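[1] have a look; sequence and predicted model below, questions after that.
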Amino acid sequence: MQNNFITPIKKRSFLSAFLRSTPRYAVIKLTCCCLAFIATHSIANTVENTVISATEQVKKVEVPRLWQLVDYHDVNHPVIGRKGMVVSQKRIASEVGADILRQGGNAVDAAVAVGFALTVVLPRAGNLAGGGFMLVHLAEQDKTIAIDYRETAPASAYRDVFLDENGNPVVNKSLKTLSASGVPGTVAGLHYALENYGSMSWSEVIKPAEKLARNGVVVDDDMARFFYKDQMFLSRTAETCRVFLKENCLPYQAGDLFIQEDLANSLAYLREQGKAGFYQGDIAKKIVAIMEQGNGLITAKDLADYTVKEDAPIRGTFNGYEILTMPPPSSGGVHLIQMLNMLEALNLDNIQQGSAAMIHLQTEIFKRAFADRSTFLGDPDFVQVPSKGLTSKTYAKNLSENIKRNKITPSTDIKAGQPNKYESPDTTHFSVMDAAGNVVSNTYTLNHNYGSGITIPGTGILLNNTMDDFSLKPGSPNSYGLIGGKANAIAANKRPLSSMTPTIVLKDGKPYIATGTPGGSKIITAVFQQLVNVLYFEMNIAEATNAPRVHHQWQPDILYVERNTPADTVDNLKAQGYTVEVSSSLGSLQSIMRHNGVFLGAADPRRPGAAAIAVDIINERVKKQ
């Protein structure tokens, strides 16, 4: 830069000096030239130093991969919003929640409205007579709380209630009978959240669902598929056939209008009576009546005595982020932290996302966590759960020491660890973030599709079959293949163990991600893989959600992979010694990231009809010049 600037000046100055004959003029000219040289040299150095300094500053700024909202290196992109976001398994439900936020409601108001709406538009999992877990981050208080509205075992339940005279589980008794139902917690849980942390009235958040049930919803292909698939199951009882199937128990077809008049009346009744209408009023009486007629376990006292619990979330850290998730009786939260801790203790140099090497390390981690789950997890009101030890980084390091990059540990060689010494399928999930910084991550369930398949007469409400989540017989697998121990044995008023894992991630102390998924035992591993994809591999939330997933739960010793897992990756895993089976889709993550003040929503494409809905609607209009 200096030469380009000064050379022409010197040439012109000295040429004119030789052409002049007056010595005085020559001296003056030479003096001016020298001054010009000094000045320009100083300016050039100043400019150059300024450029160098600016360049160094630019080099020091590390632009994160997620800085841009749309990166065309990515194949999948999240929905972008600036005033809030709602993500659920059904677009209509997400729209209901977003509309609540547009009306001035907060994240809790929207979440409760979504919970009721899913009862109508996703009847196989959305529910009033199930239960679940909700994490709530309260921006004004800078506090996160865990709401446990899991079902409880009726007071008349006992350890061997589902075993025959030979001590073996009676086929389907814990799945398809009235005794399969635990005391429901959904209505109480949604009511508790709204009363304590919402801003709108109970009536306002129920009205949208009531309207949908009364006016009817158009059956989409996903809903029609499950009506067809479960036609025989839904035909077992006359009431369920009447409510969820057409005349002669024929399934609804895509495009049909599905009206739920009984459910609309139940919602209207709850809107007027509050939660008391479910636990002491007419709905309670109808529940007790059917239980008494069919040898069910739930009594009027069980319903009246049901209580919601509020607790602190399980906390952990991973790669500089804070992870907040559900405490027991969720096994998901404890083991999510445990698995992230184990991964953090491993050397991941040169390990690529989605590679056979990465899948191998994850599988080794999964097996150790599920072995611990079978032994230590249960309702903390009944058994001592070593949560602090299980989530200890020291314990995780100890477990991960024998994980080798090129060696499989057979499940038969993996036993539950000793965390105490370190003490010092179908379900549905939805996530909500509002502009004020409040966050809800909620997972709730009937357990299996349509729960027990038994509808409470005159209500349009399906009963859960959550009692199967207990260990019916220690050492025997439940319907998800999960082996349980004495810690999860049936007892009166006890909450069964669950894999539900609603999670909130904090970055620099502020909400960054809200996520969760249905999927039974596959919930924990699905959430784990998504978080690793985002927090370690720096994928955007949509890419991280859509990436192929795998699952292993210790027993059976099988590695399940989704069909879009690359063939050469599967071949490498088989060559390494894994028994690999192609699985149906593993979970359905419904997630939101708040990045640089912008909401990024990702609805998992593994469930048709899932949708992320931004609160703000940007309308671009062409202006006449």
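    Nice, thanks for sending it over.
[2] now the residue nearest the centre of the chain: how far from residue 88?
    With distances taken as CA atoms, centre = their mean, the chain has residue 516 as the residue nearest its mean C-alpha position (1.2 Å). According to CB to CB, to the nearest Å, residue 516 stands 11 Å off from residue 88. No exception for glycine: its C-beta is placed from N, CA and C like everyone else's.
[3] next one: residue 616
    For residue 616, the distance to residue 88 - CB to CB - is 18 Å.
[4] more crowded one of those two?
    residue 88 (34 against 15; other CB atoms under 10 Å).
[5] surely that one is in contact with residue 591?
    No - the criterion here is CB atoms under 8 Å, and residue 88 misses it with residue 591 at 10.9 Å.
[6] what sits in contact with each of the two?
    In terms of CB atoms under 8 Å, 6 or more residues apart in numbering, residue 88 and residue 591 are both contacted by the residues residue 431.
[7] got any ranges where the stretch 1-150 of the chain has weak pLDDT?
    Scanning the stretch 1-150 of the chain for pLDDT under 70 picks out 1-68.
[8] next, the buried residues of stretch 368-387.
    368-379, 382-383, 385-387 (16 or more other CB atoms under 10 Å).
[9] next, the distance between the ends of it.
    Distance across stretch 368-387, first residue to last, is 15 Å (CA to CA, to the nearest Å).
[10] return the distance of it from the chain's centre.
    Remark: stretch 368-387 is offset 22 Å from the chain centroid, using CA atoms, centre = their mean, to the nearest Å.
[11] just the strands in the stretch 501-625 of the chain please.
    For the stretch 501-625 of the chain, applying DSSP state E, counting those that start in this stretch gives strands covering 503-507, 510-515, 550-551, 559-562, 580-583, 590-595, 598-603, 611-614.
[12] turn the ones you listed into CSV, including mean pLDDT.
    CSV is the format used below for the strands of the stretch 501-625 of the chain (pLDDT from 0 to 100):
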stretch, mean pLDDT
strand 503-507, 98
strand 510-515, 98
strand 550-551, 98
strand 559-562, 97
strand 580-583, 96
strand 590-595, 97
strand 598-603, 97
strand 611-614, 98
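[13] and of these, who's closest to residue 139?
    Among the strands of the stretch 501-625 of the chain, the nearest to residue 139 by CB to CB is strand 510-515 (7.9 Å).
[14] what does the closest one contact?
    In contact with strand 510-515 (CB under 8 Å, 6+ apart) are residues 135, 137, 139, 321, 429, 431-433, 437, 439-441, 502-506, 527, 530-531, 534, 541, 589-595.
[15] what residues of that strand count as buried?
    Those buried within strand 510-515 under the rule 16+ other CB under 10 Å are 511-515.
[16] can you check stretch 206-222 too?
    206-210, 212-214, 216-217, 219-220, 222.
[17] tell me the mean pLDDT for that stretch?
    The pLDDT scores in stretch 206-222 average 98.
[18] can you list the residues that contact it?
    92, 96, 99-100, 113, 116-117, 119-121, 227, 252-261, 263-264, 267-268, 270-271, 460, 607-609.
[19] buried among the residues you listed? Make that a PyMOL selection.
    One line in PyMOL is enough to select the buried ones among these; burial here means 16+ other CB under 10 Å:
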select buried, resi 92+96+99+100+113+116+117+119+120+121+227+252+256+258+260+263+264+267+268+270+271+460+607+609
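[20] rewinding a little: who touches both of residue 516 and residue 88?
    Common neighbours of residue 516 and residue 88 (CB under 8 Å, 6+ apart) are 429, 431, 590.
[21] quick one, phi/psi of the closest residue to the last one other than its chain neighbours?
    Nearest in space to residue 590, with sequence neighbours left out and distances taken as CB to CB, 6 or more residues apart in numbering, is residue 87 at 4.4 Å. Listed backbone geometry of residue 87 is phi -130, psi 130, with angles given as degrees, to the nearest 10.
[22] let me see the contact set for residue 87.
    By CB under 8 Å, 6+ apart, the residues touching residue 87 are 94, 430-432, 590-592, 601-603, 610-613.
[23] one more pass at 10 Å, please.
    For residue 87, the contacting residues are 78-79, 93-94, 97-98, 114, 429-433, 514-516, 541, 545, 589-592, 599, 601-604, 610-614, by CB atoms under 10 Å, 6 or more residues apart in numbering.
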